[in-house]
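**Student:** Need a 3D model of the following:
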Amino acid sequence: LDRPAPDDPAEAGGGFGPADLAALEAALRGAGLSSYLRRRPVCRLVRGGEGPELAWEEWGLAWPALGAALCPGLEPEAAPWLARRLRRLLDRRLLAELARPEEARRLGRCGLALSAATLGEAEFLRLDALLDAGARAATVLALPAEDALADAEGFAFARDFARARGYRLALDLPGPELLPALPLDRVGMDLLRLPWSPELAAAAPLLPAGPEQVVLTGADRAAAIGWGWEAGVTLFEGRLLRPG
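**Tutor:** As a prediction, the model looks like this:
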């Protein structure tokens, strides 16, 4: 699943180079992450219902708070190679934390947003070995749309591996601009994760038809939920939503 980054690390901005990355890797391996673990509920919300119903919880690390603690001033967006490498590091460190037996037992219905290549890492395989078939079926793995565009073969391999293991799969889009290039049925995923923005109105005809195929993230305003209802969305993640 792993592919070498095409970018030259020397292109990193702000004087951040391979030696700095090695130091960050070491710091991340030794850091206690319990205070940086975050769980965000994804709720099912329908008109006329009794209120938000928990569908699953998204687990992740609180970045950039963690980055600020480990490496003040780090700006991964200044260098694509650094952003990709950092994403892999964070994914692996999160999985190592969740693969502790006591953590794995309390995952329940959960969602994990991971780079496609991470599914071949030892940390993911350790967590996978701790989950039974029911736990895997209750887990949503969200893979980035950028991975599908950058390495279609590697993305397909990760998707097929996860599907064979029994996970639910979501395509994680940064915005509606990639909807025409990555229709859900063509990429073979179950769900679409899409952040709310006013620009979504123009992209509504490109959304999957199934009411539970779209997860609208960043639904922090009533306008987002109202638009989602009009578009047939029933799964939301945002600060306004707390399951009863």
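**Student:** For this protein, which segments are assigned as strands?
**Tutor:** 37-44, 53-61, 110-113, 139-144, 168-172, 191-195, 214-217, 235-237 (DSSP state E).
**Student:** outside of stretch 139-151, which residues touch it?
**Tutor:** Here stretch 139-151 makes contact (C-beta atoms under 8 Å, 6 or more residues apart in numbering) with 3, 56, 107, 109-117, 119, 131, 154-155, 158-159, 162, 167-174, 178, 181-182, 187, 189, 191, 193. No exception for glycine: its C-beta is placed from N, CA and C like everyone else's.
**Student:** The strands of the chain into CSV, with extra columns for mean pLDDT?
**Tutor:** Listed next are those as CSV, based on pLDDT from 0 to 100:
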stretch, mean pLDDT
strand 37-44, 89
strand 53-61, 91
strand 110-113, 95
strand 139-144, 96
strand 168-172, 96
strand 191-195, 95
strand 214-217, 94
strand 235-237, 94
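**Student:** For these, give me TSV that also has mean neighbour count and distance to L206.
**Tutor:** Shown next, in TSV, are those (neighbours: other C-beta atoms under 10 Å; distance: least, C-beta to C-beta, whole Å):
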stretch	mean neighbour count	distance to L206
strand 37-44	18	21
strand 53-61	18	23
strand 110-113	22	21
strand 139-144	24	18
strand 168-172	22	13
strand 191-195	24	10
strand 214-217	24	11
strand 235-237	24	17
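**Student:** hey, which helix is longest across this protein?
**Tutor:** helix 80-98 (DSSP state H).
**Student:** Looking at the strands of the chain, which is nearest to A68?
**Tutor:** strand 53-61 (12.4 Å; C-beta to C-beta).
**Student:** ok and the closest one relative to strand 37-44, angle-wise?
**Tutor:** 150 degrees (axes from the mean of the first three to the mean of the last three C-alpha atoms, to 10 degrees).
**Student:** Give me the helices and strands touching strand 53-61, please.
**Tutor:** When contacts are defined as 3 or more C-beta pairs under 8 Å, 6 or more residues apart in numbering; DSSP states H and E, strand 53-61 packs onto strand 37-44, helix 80-98, strand 110-113.
**Student:** Using a markdown table, lay out these together with distance to E25.
**Tutor:** A markdown table is the format used below for those (distance: least, C-beta to C-beta, whole Å):
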| stretch | distance to E25 |
| --- | --- |
| strand 37-44 | 19 |
| helix 80-98 | 6 |
| strand 110-113 | 21 |
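**Student:** Nearest to L240, out of those?
**Tutor:** The nearest among the helices and strands packed on strand 53-61, by C-beta to C-beta, is strand 37-44 at 9.4 Å.
**Student:** got the CA coordinates for the closest one in CSV?
**Tutor:** Taking Å, rounded to 0.1, in the frame of the first residue of the first chain, the C-alpha atoms of strand 37-44 are listed here in CSV:
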residue,chain,number,x,y,z
LEU,A,37,-7.8,12.1,21.5
ARG,A,38,-11.1,13.5,20.3
ARG,A,39,-14.5,11.9,19.6
ARG,A,40,-17.1,13.7,17.4
PRO,A,41,-20.5,12.2,17.1
VAL,A,42,-22.1,11.6,13.7
CYS,A,43,-25.8,11.8,14.2
ARG,A,44,-28.8,10.6,12.3
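**Student:** partners of it, with directions?
**Tutor:** strand 53-61 (antiparallel), strand 235-237 (antiparallel) (DSSP bridges).
**Student:** Appreciated, that's everything.
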